[in-house]
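> Task: produce atomic coordinates for the following.
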Amino acid sequence: MSYLETQLSKRQEQIKEYQDMNNGLIKTFELISAAKEIDETPKEISSKYIKELKEYNELRDAGLRLAQIIADEKQCKIKDVFEEIGYSLKD
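Sure thing, here's the model as predicted:
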């Protein structure tokens, strides 16, 4: 058997192993989804998560802008505004 044939054979075995692993993961996902009564695909779940994350970031940005307006009116730091209302900047 030539070197190229040996390499081709090894690659074909790897492809078969990867296909088997993929099929196993798909079956595991289907079992877990059925057990937890999840009817969404991974793509739908990640799309929903990204949408909610964008909405959260927009609301957070709006809140920070409002806090900055208040800080400007009071002529103080935004940190002082957050301390006054009982929030830390990490929230």
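
> May I have the secondary structure class of Ala62?
State at Ala62, reduced to three classes by DSSP: H, G, I helix; E, B strand; the rest coil: helix.

> How many neighbouring residues does it have?
By other Cβ atoms under 10 Å, 10 other residues sit near Ala62. C-beta here means a position set from N, CA and C on the backbone, and glycine is covered the same way.

> what's the spacing between it and Lys27?
Ala62 sits 44 Å away from Lys27, going by Cβ to Cβ, to the nearest Å.

> Ile50 too?
Counting by Cβ to Cβ - Ile50 and Lys27 are separated by 27 Å.

> Over to Lys79?
Lys79 is 52 Å from Lys27, by Cβ to Cβ.

> same thing with Glu5?
From Glu5 to Lys27 the distance is 33 Å (Cβ to Cβ).

> Quick check: which element contains Lys43?
If you go by DSSP states H and E, Lys43 is part of helix 42-74.

> in that helix, what's buried?
Buried residues in helix 42-74, defined by neighbour count with 16 or more other Cβ atoms under 10 Å: Ala67, Ile70, Ala71.

> which secondary structure elements does it contact?
Contacts defined by 3 or more Cβ pairs under 8 Å, 6 or more residues apart in numbering; DSSP states H and E place helix 42-74 against helix 78-85.

> For the helix it packs on, which helices and strands make contact with it?
helix 42-74.

> Compute the inter-axis angle for the helix it packs on and helix 78-85.
Orientation check (axes from the mean of the first three to the mean of the last three Cα atoms, to 10 degrees): helix 42-74 against helix 78-85 gives 100 degrees.
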